[in-house]
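quick one: sequence and predicted model below, then my questions.
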Amino acid sequence: MTTIQELDSRLNAMIASGKILEAVSEFFADDAVFQEGTAKPRVGKKANLEFLGGFLKTLEAFNGATLHHQAVGANVSFSEWTFDMVGPDGPIVWHEVLRREWKDGKVVAERFYNAGA
């Protein structure tokens with residue numbers, strides 16, 4: 001059986017290589033819940049793929065995603081990232097922490113926390 005550590009590492013490797021939509025498609029449950037900070041959650045893998053796809057189409061460049069730290073507990077994983085992109089209004093640099101809840105080998109909830117500059 002594949003561990004959450006192994007699954008999370010594979011998911012993070014896909015994100016780091018810019019395969020964000022593919023990673024969501026492969027590793028997230030169909031009814032997964034996504035939330036950014038205190039914003040209203042998006043429910044369902046399909047809704048999040050549409051949201052992310054729309055955002056990624058606005059980018060002029062995706063310069064990379066750097067994984068700084070990763071931690072895995074019983075059914076939860078955390079990863080700290082810096083995303084470097086160029087949007088229509090110029091550079092976008094996000095520092096964030098992602099918290100994922102896992103069940104049966106799939107992410108059932110993911111929440112983004114802004115980690116500041």
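Structure received. Since we're looking at a predicted model, the values are computed, not measured.

what does the helix or strand hosting Glu96 rub up against?
Per DSSP states H and E: Glu96 is located in strand 90-103. Defining contact as Cβ atoms under 8 Å, 6 or more residues apart in numbering, one finds that strand 90-103 is touched by 4, 7-8, 29, 59, 75-86, 107-117. (Glycine included, C-beta is placed from N, CA and C.)

parallel or antiparallel, which strands does it pair with?
Paired with strand 90-103 in the same sheet, following DSSP bridges, are strand 76-87 (antiparallel), strand 106-114 (antiparallel).

please indicate which of the contacts of strand 90-103 are buried?
Among the contacts of strand 90-103, those classed as buried by 16 or more other Cβ atoms under 10 Å are 4, 7-8, 29, 77, 79-81, 83, 85, 107-113.

list the beta-bridge partners for the residue nearest in space to the middle of the chain.
For the chain, the residue nearest the mean C-alpha position is Leu98 (6.5 Å; Cα atoms, centre = their mean). Assessed by DSSP bridges, Leu98 has beta-bridge partners Ser79, Phe112.

also the one 4 residues further on?
Note on Trp102: beta-bridge partners Val107, judged by DSSP bridges.

any idea which element the closest residue to Pro41 other than its chain neighbours lies in?
Spatial nearest neighbour of Pro41, excluding adjacent residues (Cβ to Cβ, 6 or more residues apart in numbering): Gln35 at 4.2 Å. Assessed by DSSP H and E, Gln35 sits inside strand 28-36.

over to Leu49?
Leu49 is part of helix 45-58, with elements assigned from DSSP H and E.

and Glu36, how many residues sit next to it?
Around Glu36 there are 15 other residues, counting by other Cβ atoms under 10 Å.
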